[in-house]
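Peer 1: build the 3D model from these lines:
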Amino acid sequence: MTAPQLLITNFVILAVTMTALWAYCVRIRDVSVIDAFWPLGMVILAGITTLLTDGSPIRSGILLALTALWGLRLSFHLFVRWRGHGVDPRYAAILGRLMDKKGWSFAKASFLQVFAMQCVLLILVCLPSQLGQISEEPASIGVLGWIGIAIALTGIAFETIGDAQLTAFRANPANAGKVLDTGLWRYTRHPNYFGDVCTWWGIWLVAAETTAGLYSIIGPLILTFLLTRVSGVPMLEHRLKKNRPDYDAYLRRTSSFIPWPPRRDQ
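Peer 2: A predicted model of the protein is given here:
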């Protein structure tokens, strides 16, 4: 199967799946579950690709394993968070503005602004796990691939630990309204986002040992841009600065993204 054939097939399957999820979200009037589906969707794409392609079994297995290890853990974590916290205020604000200013229905606003957009982004970000499985050569994993595996596993561990620390912090009623500045959160304001980026750059390095996989660099580039410049860091920090009195001081002393020893608070 050629790369265009694979991507078209995967896109159709993903679009059908996300349309069904959209219909469910319209019924409950809450699109927040899309966050839990995002990593699961990448596992689905990687798995379908493994079934449809005849690339190197070793590389395909590693790409699928890394994607699944990252995606299944994160999907479960985000699903539990959604069940516990309900509607995400980010989506409520975005859809509310569209419904108020443009007169769109909830169904139209959620489909165009959330599901259609994320369907395209999801398949683009997941390109390394798809295109990296097409070629049979090289059959073995080289130095670049092993470096990628190490980076991806580091990212998965980093994000997992950061999420666990944040969950434990929020579970303590005494921390209500406070800022988590211990553990990994002492060295970066966003260990979960940093872990995501490391994971997908690592997966790309594994894929990049093949010609098709090399061109999938658009995936980690898009993810890095989204998390650091669009929907990740900026949107989250804008809300936290309004809701957490101590967050400004935390901003001044803590690295925004790449882990680094904290500066002295001024």
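Peer 1: name the residues that touch the worst-scoring helix or strand of the chain on mean pLDDT?
Peer 2: Considering only helices and strands, the least confidently modelled element of the chain by mean pLDDT, DSSP states H and E is helix 233-243, at a mean of 84. Outside of helix 233-243, the residues that reach it under the criterion CB atoms under 8 Å, 6 or more residues apart in numbering are 89-90, 177, 179, 189-190, 193, 227, 247-248, 251, 256-257. Placement of C-beta: from N, CA and C, glycine included.
Peer 1: if we go to 7 Å?
Peer 2: Contact with helix 233-243 is made by 90, 190, 193, 227, 247-248, 256-257, as judged by CB atoms under 7 Å, 6 or more residues apart in numbering.
Peer 1: ok, stretch 110-117 next?
Peer 2: The set of residues external to stretch 110-117 that reach it, using CB under 7 Å, 6+ apart, is 18, 22, 25-26, 31, 34, 91, 94-95, 98.
Peer 1: that stretch - what's its average pLDDT?
Peer 2: For stretch 110-117, mean pLDDT is 96.
Peer 1: can you list the buried residues in it?
Peer 2: Buried residues in stretch 110-117, counted by 16 or more other CB atoms under 10 Å: 110-111, 113-115.
Peer 1: same deal with stretch 63-71?
Peer 2: Counting neighbours by 16+ other CB under 10 Å, stretch 63-71 gives 63-64, 66-71 as buried.
Peer 1: SS state for residue 138?
Peer 2: Under the three-state scheme (DSSP: H, G, I helix; E, B strand; the rest coil), residue 138 adopts coil.
Peer 1: contacts only, for it.
Peer 2: residue 209.
Peer 1: i'd like the first residue to be 43 from this point on
Peer 2: Will do, 43 is the new start, and the previous item becomes residue 180.
Peer 1: now it: how far from residue 301?
Peer 2: With the distance defined as CB to CB, to the nearest Å, residue 180 ends up 33 Å from residue 301.
Peer 1: repeat for residue 108
Peer 2: For residue 108, the distance to residue 301 under the criterion CB to CB works out to 21 Å.
Peer 1: kindly report the same for residue 281.
Peer 2: 23 Å.
Peer 1: now, the buried residues of stretch 105-113 that are in helices?
Peer 2: In helices, judged by DSSP state H, the following of the buried residues of stretch 105-113 are found: 105-106, 108-113.
Peer 1: now pLDDT and distance to residue 241 too, for those, in TSV please.
Peer 2: What follows is those, written out as TSV (pLDDT from 0 to 100; distance: CB to CB, whole Å):
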residue	pLDDT	distance to residue 241
105	98	12
106	98	14
108	98	7
109	98	9
110	98	12
111	98	9
112	98	5
113	98	9
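Peer 1: name the nearest of the residues you listed relative to residue 225.
Peer 2: residue 112 (20.2 Å; CB to CB).
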